[in-house]
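Participant: mind looking at a prediction? Sequence and model below.
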Amino acid sequence: MTDNDVLKHTYDKEIVCPICENKFKVKIVKVNSPRITSKDSDFFIRYSVVNPYFYDVWMCNHCGYSSMKADFPKIKSFQKELVLDGITKKWTPRVYPESLTVDNAIERYKLALVTSMIIEKPNSTKAMILLKLAWMYRLKKDVEKEMAFLKQSITAFLDAYSMEDFPIYGMQRDSISYLIGELYRRTNNEKEALTWYSKVFSTVGASQKLKDLARNGKDSLKNNMI
């Protein structure tokens with residue numbers, strides 16, 4: 001996709017960095033632009049036009065603070081000092097094209113991951129970034145790195161499941177249970193996958209859609225399908 005194509009499907013929005021108060025512009029993908037072609041069983045959505053995942057990380061090029069857009073303004077006072085000490089002092093500004101590529105997205109998600117660790121973000125935040133990194137490597141068909149990030153995301157989701165309140169990024173307990181099971185299945189841990197699929201069926205109020213997905217996951221294990 002060319003820069004001109006991206007301009008058709010995005011608009012600029014001015015953001016104020018919660019760390020250094022620098023004003024900068026980010027690209028927002030227009031709601032009516034993404035065209036969904038398919039959805040993977042671990043909630044990854046594939047698009048035919050502009051890919052919203054590529055623009056999900058906002059980055060202040062002045063101080064280096066990087067975060068998924070949903071979390072960008074959520075900063076506590078002690079975290080500002082952590083960014084200034086742990087990131088800004090070592091920060092080298094980056095230059096990105098108008099039209100971000102999957103490799104640009106990977107770099108930006110990794111910057112957001114580093115930030116989340118330095119400022120002690122919740123495990124759920126790290127889990128989502130790790131999962132999205134796995135998805136980006138899936139787009140690149142880099143199975144080894146995809147699997148590595150999927151496994152790391154499982155660990156973070158398990159911690160979030162046991163220690164954080166729901167919903168987690170819009171997902172209730174049944175959705176997270178299913179997702180953990182599905183990630184275990186994709187990383188070839190059949191025993192744990194079945195355990196977490198079972199949690200979906202035993203969760204009070206679990207949606208029929210999630211139960212169907214969990215049942216599909218169990219069936220695919222029987223048939224040795226990814």
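Facilitator: Nice, thanks for sending it over.
Participant: where in the chain is pLDDT low?
Facilitator: Per-residue confidence for the chain (pLDDT under 70) gives these ranges: 1-4, 225-226.
Participant: helices or strands up against the helix ranked longest in it?
Facilitator: When secondary structure is assigned using DSSP state H, the longest helix within the chain turns out to be helix 143-163. Contacting helix 143-163 under the criterion 3 or more Cβ pairs under 8 Å, 6 or more residues apart in numbering; DSSP states H and E are the following elements: helix 123-139, helix 173-186. Heads up, the C-betas are built off the backbone N, CA and C, glycines and all.
Participant: helices or strands next to the first one in the packing?
Facilitator: Packed against helix 123-139 by the contact rule (3+ Cβ pairs under 8 Å, 6+ apart) you find strand 66-68, helix 102-118, helix 143-163.
Participant: got it, and the last one?
Facilitator: Contact partners of helix 173-186 among helices and strands, from 3+ Cβ pairs under 8 Å, 6+ apart: helix 143-163, helix 190-202, helix 208-222.
Participant: Lys30: which of those is closest?
Facilitator: Between Lys30 and the helices and strands packed on helix 173-186, the tightest spacing by Cβ to Cβ is seen for helix 208-222, at 27.5 Å.
Participant: related to what we said a few turns ago, what comes into contact with the longest helix of the chain?
Facilitator: Residues from elsewhere that reach helix 143-163 (Cβ atoms under 8 Å, 6 or more residues apart in numbering): 122-124, 126-128, 130-131, 133-135, 137-138, 168, 173, 176-177, 179-180, 183-184, 186-187.
Participant: any quick PyMOL command for the buried ones out of these?
Facilitator: For selection in PyMOL, the members of these meeting the burial criterion (16 or more other Cβ atoms under 10 Å) are listed in this command:
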select buried, resi 122+123+124+126+127+128+130+131+133+134+135+137+138+168+173+176+177+179+180+183+184+186+187
